[in-house]
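>>> sequence first, predicted coordinates after that:
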Amino acid sequence: MNDLNDFVDRYVAVWNEPDTEVRRARIQTLWRPAGAHVNAERTHSGHAAIEAEVTRVYAICGASGMTFRCAGRIDGHHGTLRMDWELLAADGSHAGVGGTNLLLMSNDGRLQRDVQFDVPAKRLA
């Protein structure tokens, strides 16, 4: 479980990272070059597209003081990892946004596919 916790800590940290160069380096260590982050709107394939999406989300959330964190549940087996997450407002209160990500790992320990499922705010209360 420690390896899963460490990976999730590094994964969440990339979404909260203000420094562009650090964010880029973290993306390269977390995702395979042909890896993807998938949300309800679209698929972001490859490091450049993933970086653009993480940067977009940081500009909306992180720049205003909000932070992502693991919401407690982490499960993993057979090359998959499932984690719950939530967004906190700048004052530390729950921002009403959260979800679950299913992470499909490659043999080298990096993400092949990261599929995000958002949870409606009314279900988070």
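Arrived safely. Because the structure is predicted, anything quoted here is derived from the model rather than measured.

>>> which of the residues in stretch 26-45 are buried?
For stretch 26-45, the buried set under the neighbour-count rule, 16 or more other CB atoms under 10 Å, comprises 26-27, 30-32, 35-39, 44-45. Placement of C-beta: from N, CA and C, glycine included.

>>> which of these scores worst on pLDDT?
Scanning the buried residues of stretch 26-45 for pLDDT, the smallest score is found at Asn39, 94.

>>> from Ala49, how far out is that residue?
From Asn39 over to Ala49 the distance is 12 Å, taken as CB to CB, to the nearest Å.

>>> how about Leu102?
Leu102 is 19 Å from Ala49, by CB to CB.

>>> and Ile74, by the same measure?
26 Å.

>>> low-confidence stretches in the chain?
Along the chain, the parts satisfying pLDDT under 70 run over 1-2, 120-125.

>>> please enumerate the strands of it.
Using DSSP state E, the strands of the chain run over 31-38, 43-45, 67-77, 80-88, 94-105, 111-119.

>>> I'd like to know which of these lies nearest to Ala13.
strand 67-77 (8.9 Å; CB to CB).

>>> show me what Phe117 is bridged to.
Beta-bridge pairing for Phe117 (DSSP bridges): Thr100.

>>> OK, contacts around it?
Contact partners of Phe117, counting by CB atoms under 8 Å, 6 or more residues apart in numbering, are 99-102.

>>> how about a cut-off of 10 Å?
By CB atoms under 10 Å, 6 or more residues apart in numbering, the residues touching Phe117 are 38-40, 82, 84, 98-102.
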